[in-house]
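**Student:** Build me a structure from this.
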Amino acid sequence: MSDARETDRAATGASGLAAGLTGAAHLAKPLLSFGFILAIWVGVTAAGLVPEQIFPSPLSVWQATMEMAANGTLATDLAVSLRRAATGFAIGTTLGIALGLLTGRVALIRTLLNPFLTLLRPIPAIALVPVAIVWFGIGEGSKYFVISYTVFLTVWFNTHHGMEYIPDIYLRASRSLGASRMREFVQVVIPAAAPHIFAGIRLGVALAFLSLVAAELSGASSGLGYRLQEARQYIRTDRMFALLIILGALGAVVDLVVHWLGKKLVHWQQG
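**Tutor:** Model (predicted):
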């Protein structure tokens, strides 16, 4: 009996060690990539190949970040931009999923709306900024509109695609077992389309930050996008680089969170 317990403990320890090594390997890859790029960056700036005013050194970028953090603008802009991105993302995701469910399963709605929505997809967010300002003014409404528009189209397309191309065998199996339409929709259709829906949500997160910058470039007095525009006017490339890195890191963290949630909630997709 004790031998069996010792064997179980050894197996558990081995699996834990293997999981730890796998996690360390996953972490080592991005660290190696960032280290490689940082080394090139340091080498180029140290050699003086490009003027500091055009291509700042990592030290200058770090000092600019600390400067913005010390005077309070970084925290304020970060909070404002996060609120705008989160609000626009929530509106766009909710509308995208709701309409995607309808266009994916209701033929009449699909016929009426799909061609129009497909026509809207190639229009970039920045092209809507002037229209948004005319419609909603220079307040928060125009920012929410631009962000939610971009997220909505992406989430709608992925949701629609997932709903429309559910394998027929799933539907035939549920009907042969006597499932009602509502039960089939909730227990078969939604789970089958969930991987596509989460893929759209994950892409929508990235697009929320992209459209955030476009929304804040005009008619804003705060936010990371506005601060980028201000840094451009004063030719503060150190601040520009700092803000771009912050935006990238912020988007990457949120993307990892959404990806983790997707793996937990849509666990049947893994494998």
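**Student:** burial of residue 154, as a residue count?
**Tutor:** For residue 154, the count of nearby residues is 23 (other Cβ atoms under 10 Å). Every C-beta, even on glycine, is put in place using the N, C-alpha and C of the backbone.
**Student:** I misspoke; the intended subject was residue 35.
**Tutor:** 11.
**Student:** Go ahead and confirm residue 204 touches residue 155.
**Tutor:** Yes: using Cβ atoms under 8 Å, residue 204 is in contact with residue 155, at 4.9 Å.
**Student:** who touches both of these two?
**Tutor:** Each of 92, 93, 96 lies in contact with both residue 204 and residue 155 under the rule Cβ atoms under 8 Å, 6 or more residues apart in numbering.
**Student:** with those in mind, which one is nearest to residue 127?
**Tutor:** Nearest to residue 127, judged by Cβ to Cβ, of those is residue 92 at 16.7 Å.
**Student:** All the helices of the stretch 151-271 of the chain, residue numbers only.
**Tutor:** With DSSP state H, counting those that start in this stretch, the ranges of helices along the stretch 151-271 of the chain come out as 168-176, 181-184, 190-216, 224-233, 237-265.
**Student:** of those helices, which approaches residue 151 most closely?
**Tutor:** That would be helix 190-216 among these, by Cβ to Cβ, at 4.1 Å.
**Student:** average pLDDT for the closest one?
**Tutor:** Across helix 190-216, pLDDT averages out at 88.
**Student:** Kindly calculate the angle that it makes with helix 237-265.
**Tutor:** 170 degrees (axes from the mean of the first three to the mean of the last three Cα atoms, to 10 degrees).
**Student:** and the angle from helix 190-216 to helix 168-176?
**Tutor:** 130 degrees.
**Student:** Can you tell me which helices and strands helix 190-216 packs against?
**Tutor:** helix 73-105, helix 125-136, helix 140-164, helix 224-233, helix 237-265 (3 or more Cβ pairs under 8 Å, 6 or more residues apart in numbering; DSSP states H and E).
**Student:** now what about the fourth one, what contacts it?
**Tutor:** Read that as helix 224-233. Contacts of helix 224-233 (Cβ under 8 Å, 6+ apart): 68, 73, 77-78, 81, 212-217, 220, 237, 239-240, 243-244, 246-247.
**Student:** Show the buried residues in those residues.
**Tutor:** 68, 77-78, 81, 212-217, 220, 237, 239-240, 243, 246-247 (16 or more other Cβ atoms under 10 Å).
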